[in-house]
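>>> predicted model follows, preceded by the sequence.
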Amino acid sequence: MTALRKFIDPLPLVPTLKPKYKDEDGTHYDVRMRQVLHQFHSELKEATVWGYEGIYPGPVIEVQKNEPVWIKWLNELPEKHFLPVDKTLHGVGDAPEVRTVVHLHGARVEDDSDGYPEAWYTRGFAQRGPFFTRRTYFYPNQQRACTLWYHDHALGITRLNVYAGLAGFYLIRDKSECVLGLPEGPYEIPLLIQDRSFNPDGSLFYPSQPAPPLGPVPGVNPSITPGFLGDTIVVNGKVWPYLEVEPRKYRFRVLNGSNDRFYRLSLSSGQPMHQIGTDGGLLEYPVDVYQLIMAPAERVDLIIDFSKHQGKEIVMLNDAANPFPNGAPVDPETTGQVMMFKVTKPLSCKDHSVIPDYLYPLPYPQPKRAKVQRYLPLVVTRDQYGRLLFELDGKMWHDPVTEKPRLGEYEIWNIINPGLGAHPIHLHLIEFQILERQPFDIAIYNQTGQLKYTGPAVPPDLNEQGLKDMARANPGMVTRFLVRFEPYTGRYVWHCHILEHEDYDMMRPLQVVDRDYPESPVQPPTPFVPPDPGGHIDH
């Protein structure tokens with residue numbers, strides 16, 4: 001359903017959650033997951049969604065650096081899912097249909113508070129997954145000011161639970177950021193961008209079968225799809241909303257919370273967006289961007305200056321093809337538009353906010369300190385039903401752990417993408433730095449498993465040179481990033497953040513081990529010839 005008028009509903013401003021109480025141990029919250037009704041557009045009837053604290057998106061949780069925070073994530077959802085559940089995925093068939101576990105994306109936490117996919121639980125903790133260990137998660141928040149987000153991470157069902165509404169912002173603040181003079185208060189606004197489709201009755205539509213040309217899967221219904229693209233854009237829970245702004249500077253915390261869709265954002269006014277931060281916090285210097293690529297789960301911290309646009313209407317545009325970057329072009333009349341800024345509010349007071357010339361020091365990457373290099377191909381094959389199966393390094397979720405980084409030691413991860421589309425790669429526990437991307441001959445690699453580079457390595461864009469927990473692994477490229485796993489040992493995960501890929505089966509466990517664990521050798525590129533999946537491949 002796309003015959004909805006654009007920019008007739010105001011952008012919802014997501015409330016900030018108040019803590020349950022504070023004591024000598026820190027700040028305590030109870031956050032309940034509930035099924036509620038939500039109106040996505042004034043021309044649609046209310047739809048069933050799942051929301052943290054009964055709202056979609058979930059409330060903003062705002063904390064200070066080094067503030068100990070305890071959150072009890074309470075599942076109060078029904079036993080039956082309202083979206084199509086594929087029970088053929090391994091680890092899903094015998095599990096309860098509705099199960100949840102919360103991952104605070106980008107947080108440095110011990111593994112029992114990370115939201116491990118098999119640490120799921122049901123309503124009232126009645127049933128629990130094999131890695132469930134605690135009901136209340138602890139977040140020490142010992143990291144720089146940054147934009148994090150919390151979302152569901154249950155094994156084999158993340159795509160459905162996030163699509164149902166289980167997502168929200170988590171902001172860490174510190175004194176270094178507060179003295180910069182950035183826009184604040186009502187002039188600092190989180191924007192959660194997602195895509196959704198609707199049934200004629202206004203309820204959420206999610207496909208139960210792959211779309212053509214792949215088509216239905218014989219003998220499996222519902223079946224997982226290789227990706228999902230909605231036909232409307234939703235911001236903070238509203239379809240194509242507008243925001244009235246004053247002619248002054250605003251700070252926007254932007255999150256791509258879509259399952260599959262990439263965005264390349266721009267403004268119809270032709271003006272730049274001033275990017276001041278990324279996943280792991282502030283950049284060293286602001287970067288002016290006229291087009292901004294955002295992969296699923298990426299965050300950007302932007303300042304947009306409306307001071308010269310009094311009385312104008314400015315549309316945030318999107319022209320990203322999906323699969324990105326070489327897929328079908330976006331429809332400029334629908335998903336090519338995100339939201340509108342109406343510069344129609346009078347200036348309430350003089351704008352004293354600034355865009356600083358210098359923001360925050362960043363560590364200088366030192367790849368020579370890396371003792372281990374990992375070469376990790378992204379693989380597309382097919383399962384016993386003929387469905388596309390996405391894998392990391394040719395391995396599935398339940399295969400033995402092969403990535404065992406030692407605590408505090410540097411490694412270089414080389415992500416090899418011989419496919420047709422980009423994959424957003426997310427590592428839990430840490431932020432890392434993208435070093436470079438280098439093109440290689442896909443045909444030779446697919447035939448022999450050997451890397452033959454076809455050009456020089458290219459450094460990341462200026463606005464990617466901050467701390468990241470997401471790396472866009474472009475097709476035909478080896479994407480290299482410098483990692484250092486700290487400050488905790490334990491079992492975490494790394495995965496593609498296209499949620500349909502993560503669920504089947506592009507996610508792997510990793511084990512951060514003690515320093516005295518036997519050292520891994522430098523790993524050369526391993527010859528690997530992926531099976532020919534045949535037919536059309538979306539990613």
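In hand now; what should we look at?
>>> domain map for this protein?
Here the domain parsing of the chain from automatic domain parsing is 21-174, 185-342, 367-512.
>>> where exactly do the strands run in the stretch 301-450 of the chain?
Counting by DSSP state E, counting those that start in this stretch, the stretch 301-450 of the chain has strands at residues 313-318, 337-342, 372-382, 388-392, 410-417, 423-427, 433-439.
>>> rewinding a little: which of the domains of the chain sits closest to residue 355?
Evaluated over these, closeness to residue 355 peaks at domain 185-342, with 5.2 Å, by C-beta to C-beta. Backbone N, C-alpha and C define where each C-beta goes, glycine included.
>>> start and end of the closest one, how far apart?
Using C-alpha to C-alpha, to the nearest Å, the end-to-end distance of domain 185-342 comes out at 19 Å.
>>> for stretch 64-84, same thing?
39 Å.
>>> any idea how far that stretch is from the chain center?
17 Å (C-alpha atoms, centre = their mean, to the nearest Å).
>>> for it, which positions count as buried?
65, 67-71, 73-75, 77, 81-83 (16 or more other C-beta atoms under 10 Å).
>>> quickly note the distance from residue 252 to residue 117.
31 Å (C-beta to C-beta, to the nearest Å).
>>> out of the two, which sits in the busier spot?
residue 117 (25 against 19; other C-beta atoms under 10 Å).
>>> which non-adjacent residue is nearest that one?
Using C-beta to C-beta, 6 or more residues apart in numbering and skipping the chain neighbours, the partner closest in space to residue 117 is residue 155 (3.8 Å).
>>> residue 168: what's it in contact with?
Counting by C-beta atoms under 8 Å, 6 or more residues apart in numbering, residue 168 makes contact with 14, 52, 57, 58, 59, 60, 61, 149, 150, 151.
>>> how about 10 Å then?
Contacts for residue 168 (C-beta atoms under 10 Å, 6 or more residues apart in numbering) come out as 14, 17, 31, 51-53, 55-61, 102, 148-151, 190, 192, 255, 257.
>>> could you pull out the helices in this protein for me?
Using DSSP state H, the helices of the chain run over 158-164, 175-178, 442-448, 499-503.
>>> between the ones you listed, which one is closest to residue 464.
Counting by C-beta to C-beta, and looking across all of the helices of the chain, nearest comes helix 175-178 at 20.2 Å.
>>> now the closest one: mean pLDDT?
Regarding helix 175-178, the rounded mean pLDDT is 94.
>>> quick one: distance of that helix to the chain centre.
With C-alpha atoms, centre = their mean, you get 25 Å for helix 175-178.
>>> packing partners for it?
Counting contacts by 3 or more C-beta pairs under 10 Å, 6 or more residues apart in numbering; DSSP states H and E, helix 175-178 packs against strand 281-289.
>>> parallel or antiparallel, which strands does the strand it packs on pair with?
Sheet pairing of strand 281-289 (DSSP bridges) gives strand 273-278 (antiparallel).
>>> tell me what angle the partner strand forms with strand 313-318.
50 degrees (axes from the mean of the first three to the mean of the last three C-alpha atoms, to 10 degrees).
>>> can you pull the buried residues of strand 273-278?
Using 16+ other C-beta under 10 Å as the test for burial, strand 273-278 gives 273, 274, 275, 276, 277, 278.
>>> which among those residues gets closest to residue 141?
Of these, the one sitting nearest to residue 141 (C-beta to C-beta) turns out to be residue 277, at 16.7 Å.
>>> contacting residues around the closest one?
144-147, 177, 182, 251, 253, 283, 286-287, 299-303, 359-360, 463, 466-467.
>>> need the contact list for residue 164.
Contacts of residue 164 (C-beta under 10 Å, 6+ apart): 33, 35, 48-51, 56, 77, 81-83, 98, 152, 157, 204, 206.
>>> so of the contacts of residue 168, which ones are in strands?
31, 51-52, 58-61, 102, 148-151, 190, 192, 255 (DSSP state E).
>>> picking that back up, out of the strands of the stretch 301-450 of the chain, flag the one nearest residue 210.
Taking the strands of the stretch 301-450 of the chain one by one with C-beta to C-beta, strand 388-392 is closest: 8.1 Å.
>>> quick one: end-to-end distance for stretch 170-177.
Start-to-end, stretch 170-177 (C-alpha to C-alpha) is 16 Å.
>>> my bad, stretch 150-158
With C-alpha to C-alpha, one end of stretch 150-158 sits 12 Å from the other.
>>> for stretch 450-466, same thing?
In stretch 450-466, first residue to last residue: 31 Å (C-alpha to C-alpha).
>>> chain center to that stretch, what's the gap?
In terms of C-alpha atoms, centre = their mean, the centre of stretch 450-466 is set 22 Å apart from its chain centre.
>>> one more: stretch 277-288?
Counting by C-alpha atoms, centre = their mean, stretch 277-288 is centred 17 Å from the centre of its parent chain.
>>> ditto for stretch 254-274
On C-alpha atoms, centre = their mean, the centre of stretch 254-274 falls 14 Å from the chain's centre.
>>> may I have it exported as CSV, CA atoms only?
Output of stretch 254-274 as CSV, limited to C-alpha atoms (Å, rounded to 0.1, in the frame of the first residue of the first chain):
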residue,chain,number,x,y,z
VAL,A,254,19.9,9.2,12.8
LEU,A,255,19.6,5.4,12.9
ASN,A,256,18.9,3.1,10.0
GLY,A,257,16.7,0.6,11.8
SER,A,258,15.5,-1.2,8.6
ASN,A,259,15.7,-4.9,8.1
ASP,A,260,17.4,-4.8,4.8
ARG,A,261,17.2,-1.4,3.2
PHE,A,262,20.3,0.9,2.6
TYR,A,263,19.8,4.6,2.3
ARG,A,264,21.7,7.3,0.5
LEU,A,265,20.3,10.5,2.1
SER,A,266,20.4,14.0,0.8
LEU,A,267,18.3,17.2,1.2
SER,A,268,16.1,18.7,-1.6
SER,A,269,17.5,22.1,-0.8
GLY,A,270,21.0,21.0,-2.0
GLN,A,271,22.6,22.1,1.3
PRO,A,272,25.2,19.9,3.1
MET,A,273,24.6,17.9,6.3
HIS,A,274,27.3,18.4,8.8
